[in-house]
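Trainee: Give me a model of this one.
(chains A, B and C)
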Amino acid sequence: MTRPLTLNARAAVAGRIVLAMGGGYAVAALATAFLSLTLPMPRAEAVTAATLLSFPIMVAIVVVVFAARSLGRAAAIVGAIGLGLGLALRLVTGSFPFGFGS
Amino acid sequence: MKQGFRQSMAWLHTWSGLVVGWVLFAVFVTGTATYYRADISRWMQPELRREATVTPETLAASADLAVAHLQAQAGAARTWFIGLPTPEKPLVELFWRTKPGAAPGHVLLDPRTGAPAAMRATRGGDFFYRFHFELNLPPLWGRWIVGLCAMVMLVALVSGIVTHRRIFSDFFTLRRDKAAQRGWLDAHNVSGVLALPFHLMITYTGVVTLALMYMPWGVTAAYKGDQFAFFAETGQITRNRPAAGQPGTLAPVGPMVRQALATIPEPLERLTIANPRDANSTVVAVFEEPHGLSHEHPQVAFAGTSGDVVEVLSGGLQPAAKTFTTLVGLHEAHFAGAALRVLFFLCGLMGCAMVASGLVLWSVARLPKSGAVPGFGWRLVHALNLGTIAGLPGAVAAYFLANRLLPLDLAGRAEWEVRVFFGTWILVAGLGAWPAPRRAWRLSLAAVAALFAAVVVADAATARGLWDDPAWFLGFDAALLALAAGFALISHKIARYAGPRRARRAVPEPAPRMEAA
Amino acid sequence: MTLLIGAGLSFLGLAALCLSMGRHHQALWPVPPESRRVLGLRVAGWTLIGLSLAAAIRLDGWNFGPVDWLGSLTGAGLLLIVVQSYRPRVLLWLVPVAAAITAVAALGALA
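Mentor: Sure thing, here's the model as predicted:
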């Protein structure tokens, strides 16, 4: 009983779902790894705190994806955050002997 | 989605809630039942006799007896789990794992004789507990599906809060005189908003319970993926002692139990014995949580061959670790006494009601105009709604009924109870295909009520002679009768409101949103 | 005990807030509440809810207090909503009864 959707609209919705799930998880995962290495507390504490934070982060990304004006805009926002976190993580791991992300 | 923030959130709430609603309902129902997991297990094994106290000597002797049994029956296992007798459940419960993927071994022993306890085979409340996060699927699949649904639920909660603009002015509103859609919306709002702190807490802490499985990347980055090292460093488990690869002989565990009891003042709950036939075997005594919110079992680890203490864990967690264990503790609510437990249970029921009313609201809001043939999508949602909302409680009742009616010596009895559970679920769900939706609801809910009433009759007829504490069993049966009455009432209401609702129904197009009219 | 006191105070507070709204006020009395009455009920409502939190924390500490408080608040809210939508007039005697029970429980906790 929903309004008939055009193929385009359907594709946009599908795109948002994929972006929310994939992008949301990717950003949350990157943020967890990054915060685990950088939060100013003992290692075990940093990992715990980062993991606890990851789920609200993912929810926030999903909300942003569905609230954005267009799919392209949503993808740009998520992509920018993900890219920033990825680069930051690369910088941090570069100075640590872990080899994560390389 | 070229609309305002609130509208896009309304869309998100409607559809995210719908796609995971059926799984969430099952998770909520079984999770709510799990608040009374121990009671359900006790009811399902009425042969059990409780004891006033369990002495340290009994514990030590039980541990020795358990090890003797495991040496004979499970020598090849990598890990043994020994549940020690408690006054509530004065039995020795053994689990063992041989290799990943293989089903664990399990047996209940009578600590006096060392022989398997003479009790009907059942999975009891543990079935609901595991279903709650594994859906009776292979654990990895079940946990990921439940975790995904829980994340979507978090999204649905957040978007629901944004969408519901009259959260305060509608707080007390449960209109019964208006159109059905209005009533379902009120029910959804009230059950959602009233227990909102609980819903947010239970969903978030539920994900947190399995956080390291869903989000292992912090451990990957900081510990190269070694979860044992991480948990040991946070102080939640004792340090992992890898197998030496050399055979070794396990020292008697009785003295270890006595020493552990002298070290920690809490009741001893279980022993975990890793690599029992290795030179580097480890015995860990795990105690009950001290009174507090935090999920934090004190532990004493022994070197298995010598019986020397290698580590004592008791409190002293750092802030983040303490936060984590407190969140897990809040989810499990082991700390809750009888009265608080009732409130948690009520909140759980409100969670069930919120999910169910949300699902029904979706289909009521899109009810085809009279005379029009419902589309495939509507019929599918209707059938799934009925199959879940009536089917699952029906299955729970049938599971209890099977416990009382299946022959006690039936081979694979515990598995048969589970088969009855799923068989009944499928049968009740089949009613969803009935061409008249309202009749189908009435019939199926009446059937659920009848099933719950039948459980009480069957209990009184077959197990009354076994009750060790009649008042307790009568209390449990009274709770089942209350459930029966609840389902009968809903079935009756659906019949009563049939007439006026159809006349008054007006389906706004496009799809109505959460805002109050 | 904490749960009883918390639930009692929350119930009274929520009832006051509920009755400060025109629609629910009219379920008991023929007219909507005048503005001074609305203000009084709101102040009383929030004060009682605040008191129930304070009582829970005072009796059960900072760990259990908030949990017990939220539990009792939810329980009290459920009771209030069910009563006022199905039998609103019951509130006329339920509120004094709740006040009496709360007072007795509070005295018991102090003693």
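
Trainee: tell me the pLDDT at the nearest residue to B:Leu250 once chain neighbours are set aside?
Mentor: Spatial nearest neighbour of B:Leu250, chain neighbours left out: B:Gly304 (5.0 Å); criterion: CB to CB, 6 or more residues apart in numbering or on different chains. The way it works is simple: take the backbone N, C-alpha and C, and place the C-beta from them, glycine included. B:Gly304 is assigned a predicted lDDT (pLDDT) of 88.

Trainee: which helix in chain C runs the most residues?
Mentor: Longest helix in chain C by number of residues (criterion: DSSP state H): helix C:35-86.

Trainee: which secondary structure elements does that helix contact?
Mentor: helix B:180-194, helix B:196-209, helix B:338-365, helix C:2-19, helix C:91-110 (3 or more CB pairs under 8 Å, 6 or more residues apart in numbering or on different chains; DSSP states H and E).

Trainee: Which positions in the stretch 201-350 of chain B make contact with chain C?
Mentor: B:Gly292, B:Leu293, B:Leu330, B:Phe335, B:Ala339, B:Leu340, B:Leu343, B:Phe344, B:Leu346, B:Cys347, B:Met350 (CB under 8 Å from any CB of the partner chain).

Trainee: how about 7 Å then?
Mentor: Within the stretch 201-350 of chain B, the positions lying close to chain C (CB under 7 Å from any CB of the partner chain) are B:Gly292, B:Leu293, B:Ala339, B:Leu340, B:Leu343, B:Phe344, B:Leu346, B:Cys347.

Trainee: for the stretch 101-250 of chain B, what spans make up the helices?
Mentor: Using DSSP state H, counting those that start in this stretch, the helices of the stretch 101-250 of chain B run over B:124-134, B:139-163, B:180-194, B:196-209, B:211-214, B:217-223, B:227-234.

Trainee: most packed of those helices?
Mentor: helix B:217-223 (a mean of 25; mean count of other CB atoms under 10 Å in any protein chain shown).

Trainee: List the buried residues in the helix or strand of chain C with the lowest mean pLDDT.
Mentor: Across the helices and strands of chain C, mean confidence by mean pLDDT, DSSP states H and E is lowest for helix C:22-25: a mean of 86. Counting neighbours by 16 or more other CB atoms under 10 Å in any protein chain shown, one finds that the buried residues in helix C:22-25 are C:His24, C:His25.

Trainee: just to revisit the earlier point, just want the phi and psi numbers for the residue nearest to B:Leu250.
Mentor: phi -60, psi -40 (degrees, to the nearest 10).

Trainee: now B:Phe81
Mentor: phi -120, psi 120.

Trainee: Which one of the helices of the stretch 101-250 of chain B lies nearest to B:Pro437?
Mentor: When these are compared by CB to CB, helix B:180-194 sits nearest B:Pro437, at 12.1 Å.

Trainee: Is the closest one positioned near chain A?
Mentor: No. Judged by CB under 7 Å from any CB, helix B:180-194 stays clear of chain A, getting no closer than 12.7 Å.

Trainee: Could you do stretch B:308-324 as well?
Mentor: Yes. Contact between stretch B:308-324 and chain A, assessed by CB under 7 Å from any CB, occurs at B:Gln318, B:Pro319, B:Ala320, B:Ala321, B:Thr323, B:Phe324.

Trainee: are any of those buried, and which?
Mentor: Buried among the residues of stretch B:308-324 next to chain A by 16+ other CB under 10 Å: B:Gln318, B:Ala320, B:Ala321, B:Thr323, B:Phe324.

Trainee: which one of those residues is nearest chain A?
Mentor: Nearest to chain A, judged by CB to the nearest CB, of those is B:Ala320 at 4.1 Å.

Trainee: what about the closest one, is that helix, strand or coil?
Mentor: Classification of B:Ala320 using DSSP: H, G, I helix; E, B strand; the rest coil returns helix.

Trainee: That one and A:Pro42 touch, don't they?
Mentor: No. Assessed by CB atoms under 7 Å, B:Ala320 is found out of contact with A:Pro42, at 8.8 Å.

Trainee: that older thread, how far does the least confident helix or strand of chain C sit from its chain's centre?
Mentor: Distance, stretch centre to chain centre, for helix C:22-25: 17 Å (CA atoms, centre = their mean, to the nearest Å).

Trainee: Mind giving me the packing neighbours of it?
Mentor: Of the remaining helices and strands, none touches helix C:22-25 by 3 or more CB pairs under 7 Å, 6 or more residues apart in numbering or on different chains; DSSP states H and E.

Trainee: Return the set of buried residues in the longest helix along chain B.
Mentor: Using DSSP H to define each element, chain B has its longest helix at helix B:5-34. Within helix B:5-34, the residues scored as buried using 16+ other CB under 10 Å are B:6, B:8-18, B:20-34.

Trainee: Repeat that for stretch B:38-54.
Mentor: Here stretch B:38-54 shows B:Asp39, B:Ile40, B:Ser41, B:Arg42, B:Trp43, B:Met44, B:Gln45, B:Pro46, B:Leu48, B:Val54 as buried, counting by 16+ other CB under 10 Å.

Trainee: Please name the residues that touch the closest residue to the second one other than its chain neighbours.
Mentor: So the one you mean is B:Ile40. Of all residues not flanking B:Ile40 in the chain, B:Gly125 sits nearest, at 3.4 Å (CB to CB, 6+ apart). With contacts defined as CB atoms under 7 Å, 6 or more residues apart in numbering or on different chains, B:Gly125 is in contact with B:Thr34, B:Tyr36, B:Arg37, B:Ala38, B:Ile40, B:Ser41.
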